[in-house]
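Visitor: what shape does this take:
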Amino acid sequence: MTDLAASPGLALRLPRTALFVAAIFTSAALVFTVQPMIAKMILPTLGGSPAVWNASMAFFQAALLAGYAYAHLLQRLPSLRAQFLVHLAALAGAAVVLPLGVTGLFGAPPVDAPVPWLLSVLAISIGLPFAALSATAPLLQAWYAKTHGAEPGAGSPYAFYAASNLGSMLALLSYPLVIEPFTTVDAQTLGWTLGYGLFSLVIALVAITGWRYRAGAAADADATAESSAARITWRERGIWLLLAAAPSSLMLGATTYISADVASAPFLWVAPLALYLFTFVIAFQTRPLISKDRGLRWHAVFAAMAIGLMCVHQTSLAANLVTHLGAFFFTALVCHCALADRRPSPSRLTEFYLVMSLGGVVGGAFTAFVAPVLFETVVEYPLVLALAVLARPWRGVSLSRAEILCLATAVLAAGAIALAPKTESLEALPLLLAVVSVGGALFLARRALWFFVALATLVAQSIIAPPDKLQNLHVARSFFGVHRVTLDTVPEVGGPVHLLFHGTTLHGAQPLDPAFRCQPTNYYAPVGAIGQTYTQVLAGGPGKNIAVVGLGGGSVAAFTRPGDRLRFFEIDPEVERIARDPASFTYIAQCARGAVDVVIGDARLTLAREPRASYDLLHLDAFSSDAVPTHLLTVEALGLYLDALKPEGVLLLHISNRNLALEAPAAATARALGAHVLMQEYAPPAGTPHVVSAPSQVMIVAKAPATLAPFAGDPRWRQADDKGIRPWTDDYTNVIGAIVDQALPG
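Guide: The predicted structure is shown next:
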């Protein structure tokens, strides 16, 4: 195998080399701009969750594999001119789906099988141009090796791979920070189409510069390189595949874990992908920004800390994010550096990239499709994080006495964490034991096998015993996330309480004591802003018709009276099963005195089928784990809600969120429709348990000011402030602005 790590840097000699760099950079930018763009276009139809992003990423990895396979097969043509012509024809043929749009061939997504629908829509809408663009990086590197590689100072074509991933990373980060806040979707698709045309022109110029290259020279060069290159074994290909699969799986696993179990701040889905691309940039640099030894040291620290944190209850949000993103980054870097060390000669370049891409598909498919079926919780992330430790250099398996002691300490401390009780006096004990186990594991970092054993023990402990020490009564995983029904004790409501968690967010709580069992709790307590709204609307007379977007534990069903009708709109069938299971919650079965039913599906689609002017109260409460389905807060969506209301009806928006300030966009959007808006920030008395009553931000919207007159007379309600911002639409949202607004004081 040729050692390319010591090859001289890439000499950017204009204009020929510059054309190759421009083409690779442009294709990478187009590939990673279109991913969040097409996801935004699908959002009004399917909604948003980590699973949507993971399924989309698995599709894009498969399309990347198709592009790499095409590039590899194209190299079998003996004539470079023929390769140029075929690729130009492929680019032209793929342009038939432009400008970009979401196909309507498959209708609405089925709630019981959204993944096949999503993959089919992506394949028709973007599959061809994405695959054609994906083929660019390996194709141009192979062409460069054949047309310029033998020239003095030309350098290794693998150096182009760093440029490709740099373009990918910059494009990915530019979408939420620059493109989305300042341009509409129509402008984005037009710009992307023009970019595709410009890229095709650059490829044509590359073909022109290489047109005079001797027709048989490529075959001669390949034959010479083939004879001098070391034979690649299937074992070596298997190592390539595994080294590529682990970071790919971790990228999606970290996304799911961070979104579900740490925080669901918007754009955290983008962070692992950007870091993933950056590790390729570093690994394939001639002089890596982070040396291999330094990467191994930091990998050991972050991997051990991340797995250790999974064994204890939530600590600092910042500490969790830094630790888990750091663990993912350095794990991916170790694997990709190992891949770079094993890269073959340029004659095997397209095969190397093809196997790498196949590994990416295998890793992504395992996390996106297989793991949700095999595991009830996000087990795949810590499992692969521990397994990836085996990519570190092996320095024998025998242990010294000190190392045996460290291994025993790590294992025993990990086991003790599970036995530590949930008491205030011993609150710090699990964290202390986790620190001990992590310290013991780090002493074994030079022994890959035993380091893995220590970390695997911690992983097993985190799976067996929930870090919050709550007793799990029911755990279920669906396409939309992980749901847990747990048992806790809250003396203020009679003792035992059932809690419903979606990720880290509490979505329902019901006391078991008969005196409190039918009392709405948490955000829905009668004294809170939501409870006040229900009380005021129901006071208007009998037989009220109510719609609620978002089911949770079904708490608000307890507000209904005989003659009232309540309809929940819920996207996740698993949530309905939990809310209707008497072993978990009984708000619907035993506490509701009016008629209650549930409609499964995305509210944008199901509400559109409801009769106009039919509801007295429409309550929007569909934020899962603080993720924001922005398609439910646009002009188009609010127009749909207002159409469903009676002339005197009230729209209630529950916009509490840890990460975004949603008052301004929601108010601006409502006023763009001519509606009237009031706002309340409710705060319960100090010391009130969160289960009993929780702080909330609530907005009420009505078609006529007279409808809000009873609320306007209450000093707890005020006029909502839209801050003069632009209303959100299906064509335009500015989530980054809402994040900044939330972060700023005051």
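Visitor: CA atoms for contacts and neighbours, from now on please.
Guide: Noted.
Visitor: which residues touch the residue lying closest to His654 once chain neighbours are set aside?
Guide: Leaving aside its chain neighbours, His654 sits nearest to Val698 (4.7 Å; criterion: Cα to Cα, 6 or more residues apart in numbering). Going by Cα atoms under 8 Å, 6 or more residues apart in numbering, Val698 touches Ala529, Ile530, Leu652, Leu653, His654, Ile655, Ser656, Met679, Gln680, Glu681, Tyr682.
Visitor: which among the residues you listed count as buried?
Guide: Buried members of these, counted by 16 or more other Cα atoms under 10 Å: Ala529, Ile530, Leu652, Leu653, His654, Ile655, Ser656, Met679, Gln680, Tyr682.
Visitor: ok, these vs Ala704, which is closest?
Guide: Nearest to Ala704, judged by Cα to Cα, of these is Leu652 at 14.5 Å.
Visitor: counting only strands, which of the contacts of Val698 make the cut?
Guide: In strands, defined here by DSSP state E, the members of the contacts of Val698 are Leu652, Leu653, His654, Met679, Gln680, Glu681, Tyr682.
Visitor: residues in contact with the last one?
Guide: Spelled out, it's Tyr682. Contacts of Tyr682 by Cα under 8 Å, 6+ apart are Gly528, Ala529, Pro695, Ser696, Gln697, Val698.
Visitor: let's see it at 7 Å
Guide: Counting by Cα atoms under 7 Å, 6 or more residues apart in numbering, Tyr682 makes contact with Gly528, Ala529, Pro695, Ser696, Gln697.
Visitor: next one: the third one
Guide: Residues counted as contacts of His654 (Cα under 7 Å, 6+ apart) are Leu620, Asp621, Gln697, Val698, Met699.
Visitor: out of the ones in strands among the contacts of Val698, flag the one nearest to Met57.
Guide: His654 (30.7 Å).
Visitor: check the gap between that closest one and Ile700 for me.
Guide: 9 Å (Cα to Cα, to the nearest Å).
Visitor: go ahead and confirm Asp722 touches Pro665.
Guide: Yes: counting by Cα atoms under 7 Å, Asp722 does reach Pro665; the two are 6.4 Å apart.
Visitor: which one's more surrounded, these two?
Guide: For Asp722 versus Pro665, the count of surrounding residues by other Cα atoms under 10 Å is larger for Pro665: 25 against 19.
Visitor: quick check: that one touching Lys723?
Guide: No: with contact defined as Cα under 7 Å, Pro665 does not count as touching Lys723 (8.6 Å).
Visitor: where does the prediction get shaky in the stretch 1-150 of the chain?
Guide: Applying pLDDT under 70 to the stretch 1-150 of the chain picks out residues 1-16, 43-51, 53, 111-112, 148-150.
Visitor: helices of that one, residue ranges please.
Guide: Applying DSSP state H, counting those that start in this stretch to the stretch 1-150 of the chain gives helices spanning 16-46, 50-74, 80-94, 114-134, 136-147.
Visitor: now swap in the stretch 401-550 of the chain and tell me
Guide: Counting by DSSP H, counting those that start in this stretch, the stretch 401-550 of the chain has these helices, from start to end: 401-419, 429-442, 448-464, 529-538.
Visitor: the second one vs helix 448-464, what angle?
Guide: So the one you mean is helix 429-442. On the basis of axes from the mean of the first three to the mean of the last three Cα atoms, to 10 degrees, helix 429-442 is oriented at 160 degrees to helix 448-464.
Visitor: name the helices or strands packed onto helix 429-442?
Guide: Judged by 3 or more Cα pairs under 7 Å, 6 or more residues apart in numbering; DSSP states H and E, the packing partners of helix 429-442 are helix 292-309, helix 401-419, helix 448-464.
Visitor: residues in contact with that helix?
Guide: The contact list for helix 429-442 (Cα under 7 Å, 6+ apart) reads 300-301, 304-305, 308, 311-312, 406-407, 409-411, 413-414, 417, 420, 451, 454-455.
Visitor: how about the last one?
Guide: Contacting residues not belonging to helix 529-538 are listed as Tyr524, Ala525, Pro526, Lys544, Gln680, Tyr682, Val698 [Cα under 7 Å, 6+ apart].
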